[in-house]
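Trainee: no sequence on hand, only this structure:
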């Protein structure tokens with residue numbers, strides 16, 4: 001599995017921040033912008049000094065509540081769900097597992113199941 005399939009994209013991080021979620025507080029990994037090349041020499045740019053936080057698969061799993069009322073967090077390689085014996089409260093399936101976790105995290109934030 002590629003590293004990019006194990007961390008949120010910068011766009012996803014920005015969406016979480018727009019929702020009021022403190023990514024820095026939960027982040028275990030950071031993006032660092034590439035160095036710019038100019039005339040064959042390495043030039044440090046001002047934005048290169050900034051690190052952009054991101055969340056890993058493990059970070060998101062640690063953030064998600066294990067239970068919401070009678071619904072249990074159910075995670076496997078294909079989907080993420082909150083379900084009971086008879087019904088689903090939430091269900092996400094996307095090609096990349098990290099995207100399913102992201103959808104679940106966004107849903108939990110919007111439904112106020114995670115304190116900001």
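Mentor: Done, it's in. Everything quoted here is computed from the prediction, not taken from an experiment. Residues are numbered from 1 along each chain as shown.

Trainee: list the buried residues of the single longest helix found in the chain.
Mentor: Counting residues, the longest helix found in the chain (DSSP state H) is helix 97-110. Residues of helix 97-110 classed as buried under the neighbour-count rule (16 or more other C-beta atoms under 10 Å) are 97-109. The C-beta positions use only the backbone N, C-alpha and C, and glycine is treated the same way.

Trainee: so what does that helix touch, helix or strand wise?
Mentor: Here helix 97-110 touches helix 10-18, helix 57-63, strand 80-83, strand 88-92, going by 3 or more C-beta pairs under 8 Å, 6 or more residues apart in numbering; DSSP states H and E.

Trainee: where does pLDDT dip in this structure?
Mentor: Low-confidence regions of the chain, defined by pLDDT under 70, span residues 32-50.

Trainee: thinking again about what came up before, any chance of TSV for the buried residues of helix 97-110, columns distance to residue 60?
Mentor: Output for the buried residues of helix 97-110, formatted as TSV (distance: C-beta to C-beta, whole Å):
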residue	distance to residue 60
97	10
98	8
99	11
100	10
101	4
102	7
103	10
104	8
105	5
106	10
107	12
108	10
109	11
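
Trainee: thank you kindly, that will do.
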